[in-house]
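Visitor: sharing a model that was predicted from the sequence below.
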Amino acid sequence: MLKFTEEEKEAVTDYYLSQSKDASVTFAQKVYAESVIGHTHNIWDLHASDGRWWIITNPTNLYSQEQFPNMDLALTFHMGLCLRIPRSEKHGSDVATVRLFGDVLQAISDCDDALSQAVPLH
């Protein structure tokens, strides 16, 4: 088990309760941490009145241990979401700012498109 602060535990518990309003938490323990592509993801084992859950941070999400009995499987699924969600969310931009950097932003967009379609060579 990993060390954690009461603030970390409170943040995880508060997140869980925001997602499952009628439940109560009986146990929460940080069990693992892994850094992937510069982001550290903490995994918590949380027991509640409505079941056991993996709470994975950065960004925070919860996974039923009934559906994801293996912590590694939950982390792998979480990482897949982390990689896909930013690409599916298009944010509005300030027109004046975009005009100033139009060529640069187009080149970045082209690179992002190419990277998302790239196939590794073996």
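Guide: Now that the structure is in, tell me what you want to look at. Numbering: from 1, shown residues only.
Visitor: what is the longest strand along the chain packed up against?
Guide: When the chain is parsed with DSSP state E, its longest strand is strand 25-36. Here strand 25-36 touches helix 6-19, strand 39-48, helix 71-88, going by 3 or more CB pairs under 8 Å, 6 or more residues apart in numbering; DSSP states H and E. To be clear about C-beta, it is placed using only N, CA and C from the backbone, and glycine gets the same treatment.
Visitor: angles on the backbone of the closest residue to Gln65 other than its chain neighbours, please.
Guide: Once flanking residues are discounted, Gln65 sits nearest to Arg52: 4.1 Å by CB to CB, 6 or more residues apart in numbering. Torsion angles at Arg52 (phi, psi; degrees, to the nearest 10) stand at phi -110, psi 150.
Visitor: repeat for Gln117
Guide: Here is the backbone geometry of Gln117 (degrees, to the nearest 10): phi -110, psi 0.
Visitor: where's it relative to Thr5, distance?
Guide: Shown here: Gln117 relative to Thr5, a distance of 42 Å by CB to CB, to the nearest Å.
Visitor: from Ser24, how far out is the residue most central in space within the chain?
Guide: Nearest to the mean C-alpha position of the chain, by CA atoms, centre = their mean, lies Pro59 at 3.4 Å. Between Pro59 and Ser24 the distance is 24 Å, computed by CB to CB.
Visitor: likewise Thr57?
Guide: Thr57 sits 21 Å away from Ser24, going by CB to CB.
Visitor: try Val31
Guide: The gap separating Val31 from Ser24 is 20 Å, by CB to CB.
Visitor: comparing those two, which residue is more hemmed in?
Guide: Neighbour comparison, Val31 and Ser24: the larger count goes to Val31, with 14 against 10 (by other CB atoms under 10 Å).
Visitor: identify the bridge partners of the closest residue to the more buried one other than its chain neighbours.
Guide: Using CB to CB, 6+ apart and skipping residues adjacent in sequence, the residue nearest Val31 is Asp45, 4.9 Å away. Per DSSP bridges, residues listed as beta-bridge partners of Asp45: Gln29, Trp54.
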